[in-house]
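Novice: The amino acid sequence is not available; the structure is as follows:
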């Protein structure tokens, strides 16, 4: 079990992570964009670092939302949502039918969710690249969408993540945890 703290350009995140192949993480984040918010999450993955569950609760001044996103062993995604108050933008949830090729969740603005695909494919240690699809969760709205990404090994514990025409060269520690996400987040406590 590790306690992790990332300082972000737009806030901070703390997570307690059990790094077995059935990884479980519980975390909290605060952010400012597009509005100030507090977010709590739980991620549970199956052997092979495949997402089984992501629960998220986000709230701010006068609003709250929650999402319970699950992937069955057969690959079907489902979600339950709740919302109260007014938050301009996308509604929580989304079309789960477009996610059936996704093995991973991607909690937007969280460095932690890059761990699963990198460890599953050994890209922090071995040459190669992989194209994946994630069930991407927009923060703080908790809208879920189909999101392609490419991960490429650049060197020991250095992996490029490309998505939507953007890329970042992520630095990982030996456990597969992001320690530096340039221009976005840096691990400051572990």
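Specialist: Noted; the coordinates are in hand. Keep in mind that what you see is a predicted model, and the values were worked out from it rather than measured.

Novice: partners of the one helix or strand residue 40 maps to, with directions?
Specialist: Following DSSP states H and E, one finds residue 40 within strand 37-46. Strands that pair with strand 37-46, judged by DSSP bridges, come out as strand 24-31 (antiparallel), strand 50-60 (antiparallel).

Novice: Let's have these in JSON lines, adding mean pLDDT.
Specialist: Shown next, in JSON lines, are the strands paired with strand 37-46 (pLDDT from 0 to 100):
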{"stretch": "strand 24-31", "mean pLDDT": "98"}
{"stretch": "strand 50-60", "mean pLDDT": "97"}
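
Novice: which residues touch residue 129?
Specialist: 123, 150-153 (Cβ atoms under 8 Å, 6 or more residues apart in numbering). Glycine gets a C-beta too; all of them are placed from N, C-alpha and C.

Novice: Which one (most neighbours) among the residues you listed?
Specialist: residue 123 (25 neighbours; other Cβ atoms under 10 Å).

Novice: How much space separates it from residue 30?
Specialist: Residue 123 sits 30 Å away from residue 30, going by Cβ to Cβ, to the nearest Å.

Novice: What are the buried residues along the host helix or strand of residue 117?
Specialist: Per DSSP H and E: residue 117 is located in helix 115-121. For helix 115-121, a neighbour-count test (16 or more other Cβ atoms under 10 Å) marks 115-121 as buried.

Novice: just checking, what packs against it?
Specialist: On a contact count with 3 or more Cβ pairs under 8 Å, 6 or more residues apart in numbering; DSSP states H and E, helix 115-121 meets strand 50-60, strand 129-137, strand 144-155, strand 166-172.

Novice: between the second one and strand 50-60, how many degrees?
Specialist: This points to strand 129-137. For strand 129-137 against strand 50-60, the angle by axes from the mean of the first three to the mean of the last three Cα atoms, to 10 degrees is 40 degrees.
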